[in-house]
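Engineer: got a sequence here, can you model it:
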Amino acid sequence: MSQDTNYDTFAEAYSAENETSLINAFYERPAMLKLAGDVRNHRILDAGCGSGPLAEELCERGANVTGFDSSEAMIGLARKRLGEEAELLVADLGQPLPFADDTFDDAVASLVFHYLEDWVSPLNELRRVLRPGGRLIMSVNHPILYPWTNPGTDYFKPTKYSDELTFNGQPGTLTYWHRPLHAMTDAFGKAGFQIEVVSEPPFSTDAPAEIIPPQFKDRTSFLSFIFFVLRAN
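Structural biologist: Numbering: from 1, shown residues only. Prediction:
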């Protein structure tokens, strides 16, 4: 995988932050679950599952979940969380996946693809392991984010950039690839997916007031991620 972010170095801190943060627990994850809908008895592949918070929610909703991540530390945390509830393994989305063709009803990729320079090869692999007509539900950094936060940069030029962040008090570096919206949709088409939904959702009304930044107090939404539901042709 063309990825420079090494989650092994701050997996526990990232996971702890992810449990309760506005951006993850009350914005990204509820949006993914809403797009997934009724998943009872669905075989779901969680690509880049991290420490397993989305997989756990899908299991609770009756799905049969298999998760993988390239970070051994993250998979270790996911195994502690999920026990025998889900099959979990270390695997790389940039390499051929260890699953047979047409294995899964759905796949989810939560905040994964923006770490990748190439989208077509990983999308082809996900398309391969999905049954015909299966869904890929994914979230990535919104394409407007990079030019917004880096004025003067070229929106249309795919660009590698890094953010220095703090997770539960521990510093960590996340390295992303910015790509314009048309580059995302071009990749979907090349890999044999049809776009069913493009979503820019509000954050959850369940978010505790104390974690909402002051600038969002009078708003119901903000732009951080963009969400897609894709159908395997």
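Engineer: the helices in the protein, which residues?
Structural biologist: 11-20, 22-23, 29-36, 53-60, 72-82, 120-129, 145-149, 181-190 (DSSP state H).
Engineer: other residues contacting the second one?
Structural biologist: When you say that, I think you mean helix 22-23. Residues outside helix 22-23 that contact it (Cβ atoms under 8 Å, 6 or more residues apart in numbering) are 203, 207, 211-213, 224. For the C-beta atoms, the positions are set from N, CA and C on the backbone; glycine is no exception.
Engineer: next one: the longest one
Structural biologist: Outside of helix 72-82, the residues that reach it under the criterion Cβ under 8 Å, 6+ apart are 7-8, 11-12, 15, 49-53, 55-56, 59, 67-69, 86, 88-90.
Engineer: for these, which PyMOL command selects only the ones that are buried?
Structural biologist: Command for PyMOL, covering only those of these found buried under the criterion 16 or more other Cβ atoms under 10 Å:
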select buried, resi 7+11+15+49+50+51+52+53+55+56+59+67+68+69+86+88
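Engineer: list the contacts for the closest residue in space to Val39 that isn't next to it in sequence?
Structural biologist: Among residues not flanking Val39 along the chain, Ala63 sits closest, at 4.2 Å (Cβ to Cβ, 6 or more residues apart in numbering). Counting by Cβ under 8 Å, 6+ apart, Ala63 makes contact with 39-44, 106.
Engineer: same thing with Phe113?
Structural biologist: 119, 122, 138, 140 are the contacts of Phe113 under Cβ under 8 Å, 6+ apart.
Engineer: same question for Asp106.
Structural biologist: Asp106 neighbours (Cβ under 8 Å, 6+ apart): 36, 39, 42-45, 63, 130, 134-137.
Engineer: from those residues, which ones fall inside strands?
Structural biologist: Cross-referencing these against strands under DSSP state E gives 43-45, 130, 134-137.
Engineer: and the closest residue to Leu54 other than its chain neighbours, how close does it get to Met184?
Structural biologist: Spatially, and ignoring its direct neighbours in sequence, Leu54 is nearest to Ser110 (5.2 Å; Cβ to Cβ, 6+ apart). Distance from Ser110 to Met184, counting by Cβ to Cβ, to the nearest Å: 16 Å.
Engineer: just want to know which of the two has more residues nearby.
Structural biologist: Taking neighbours as other Cβ atoms under 10 Å, Ser110 and Met184 compare with Ser110 leading, 24 against 19.
Engineer: look up the residues forming beta bridges with that one.
Structural biologist: Taking DSSP bridges as the rule, Ser110 bridges to Ser139.
Engineer: contact partners of stretch 55-62?
Structural biologist: By Cβ under 8 Å, 6+ apart, the list of residues contacting stretch 55-62 reads 29, 33, 36, 38-42, 44, 46, 49, 65, 67, 78, 81-82, 85-86, 88, 108.
Engineer: just the pLDDT for the nearest residue to Val198 once chain neighbours are set aside.
Structural biologist: Of all residues not flanking Val198 in the chain, Phe228 sits nearest, at 5.9 Å (Cβ to Cβ, 6+ apart). Listed pLDDT for Phe228 reads 98.
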